[in-house]
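> need a structure here:
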Amino acid sequence: MRPHRKGKPSTEGMIAIPGGVFTMGSEAFYPEERPLRRVKLDRFWIDPTPVTNRQFADFVAATGHVTLAEIAPDPADYPGMDPALAQPGSLVFRRTPQPVRLDDFSQWWEFCLGADWRHPTGPGSSIDGLEDHPVVQVAYGDALAYAEWAGKALPTEAEFEFAARGGHEGREFAWGDELAPGGQMLANFWQGQFPCENTLEDGWERTSPVRHYPPNDYGVWDMIGNVWEWTTDWYALPRAVAKAKPGACCTIANPRGGRKADSFDPCMPQSKIARRVIKGGSHLCAESYCQRYRPAARQGQALDTSTSHIGFRCILRG
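Okay, the predicted model is just below:
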């Protein structure tokens, strides 16, 4: 269903992010964040928080949008698929009862029939009382449909990272170079041995309400942790920009990511589902497993996938 536009887009309630030049990426963590590269961005406006369950419910009420998780997959699109799984559903994180090997994510991810944005952890769950939590179980197309309805856009990877850094250059975390300075929890991430033990020092097993943690120095909330967020960029490894000659400028202006052809997962050659970049990390990022609660962190996420830890927010350019 084509979304009916909400009306003329407005920057009311959004945060102005000044244009500028910054160093994108990190050399200290994962290979896909390298190399460091200089990027120049025009000014844009960004939502102060991820889109919440309340906001997404308004969108669905206005448009009748049906999310991907609410539609049964076509087995023809997935050779070898168990026909019993050709039902609406989505991926839900399940804590394991004991330590497991961390190279097998199927140990803690379950394709749960009946899981969707209204039932984020399965048929017995609901979003009652979670109205101010980020919406989850939304695939890329669902996020894009919301953005079009709102008259906005999804951010590029560079725009998200620039906003997440809060105007600071070179910090590993949005607030500095220490994850929990003085023991203070500044974002919703996993504490303890992933995926079996969460000590809940931050108080949250899954998502937390938006605005629960302090905003960054641009005044934007939850750019780190809580939920991963969709961007418009095709996932590919970053490339350094070579100077045409000594002294030439090598700053990339308003990058728009890689090529779709390069976005497929090389570890899953049988899968031809393209991937977009997600940013910001989530409540499942842990020191013991996935240290991606940082502005430079990035992952590729398949377009046909929704999960209990991915959401989104919108921007306006100009």
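> Spit out the contact partners of the residue nearest to Ser26 when sequence neighbours are not counted.
Excluding the flanking residues, the one nearest Ser26 by Cβ to Cβ, 6 or more residues apart in numbering is Ala296, at 3.7 Å. C-beta coordinates here come from the backbone N, C-alpha and C atoms, glycine included. Taking Cβ atoms under 8 Å, 6 or more residues apart in numbering as the criterion, Ala296 is in contact with Met24, Gly25, Ser26, Phe29, Glu33, Glu161, Glu172.
> Please identify which of those residues is nearest to Ala57.
Minimum separation from Ala57 among the contacts of Ala296 (Cβ to Cβ) is found for Glu161, which lies at 29.2 Å.
> hang on, the earlier thing: let's see which of the contacts of Ala296 end up in strands.
Among those, the subset assigned to strands under DSSP state E consists of Met24.
> Among the contacts of Ala296, name the ones in helices.
Of these, the ones assigned to helices by DSSP state H are Glu161.
> Just the closest of the contacts of Ala296 to Cys196, please.
Closest approach between the contacts of Ala296 and Cys196, by Cβ to Cβ: Phe29, at 23.3 Å.
> Tell me how far that closest one lies from Trp230.
Note on Phe29: its distance to Trp230, by Cβ to Cβ, to the nearest Å, is 21 Å.
> picking up where we left off before, can I get the contacts of Ala296 in JSON lines with pLDDT, neighbour count and distance to Arg239?
Formatted as JSON lines, the entries for the contacts of Ala296 read as follows, by pLDDT from 0 to 100; neighbours: other Cβ atoms under 10 Å; distance: Cβ to Cβ, whole Å:
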{"residue": "Met24", "pLDDT": "96", "neighbour count": "22", "distance to Arg239": "12"}
{"residue": "Gly25", "pLDDT": "96", "neighbour count": "21", "distance to Arg239": "11"}
{"residue": "Ser26", "pLDDT": "95", "neighbour count": "19", "distance to Arg239": "16"}
{"residue": "Phe29", "pLDDT": "93", "neighbour count": "15", "distance to Arg239": "18"}
{"residue": "Glu33", "pLDDT": "94", "neighbour count": "21", "distance to Arg239": "13"}
{"residue": "Glu161", "pLDDT": "98", "neighbour count": "27", "distance to Arg239": "16"}
{"residue": "Glu172", "pLDDT": "94", "neighbour count": "18", "distance to Arg239": "22"}
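> Tabulate the contacts of Ala296 (a markdown table), appending distance to Val277.
Formatted as a markdown table, the contacts of Ala296 follow (distance: Cβ to Cβ, whole Å):
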| residue | distance to Val277 |
| --- | --- |
| Met24 | 12 |
| Gly25 | 12 |
| Ser26 | 15 |
| Phe29 | 16 |
| Glu33 | 11 |
| Glu161 | 10 |
| Glu172 | 19 |
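> now, which of the contacts of Ala296 sits nearest Ala16?
Minimum separation from Ala16 among these (Cβ to Cβ) is found for Glu161, which lies at 17.0 Å.
> SS state for the spatially most central residue of the chain?
The C-alpha lying nearest the average C-alpha coordinate of the chain belongs to Glu229 (Cα atoms, centre = their mean; 1.9 Å). In the three-state summary, Glu229 is assigned as strand, counting by DSSP: H, G, I helix; E, B strand; the rest coil.
> What of Leu316?
strand.
> repeat for Tyr146
Reducing the assignment at Tyr146 to three states with three-state DSSP gives helix.
> quick one: the helices in this structure?
53-63, 140-149, 157-165.
> who wins for proximity to Gly129 among those helices?
Proximity of the helices of the chain to Gly129 was assessed by Cβ to Cβ; the nearest stretch is helix 53-63, lying at 9.8 Å.
> Give the buried residues for that closest one.
Within helix 53-63, the residues scored as buried using 16 or more other Cβ atoms under 10 Å are Asn53, Gln55, Phe56, Asp58, Phe59, Val60, Thr63.
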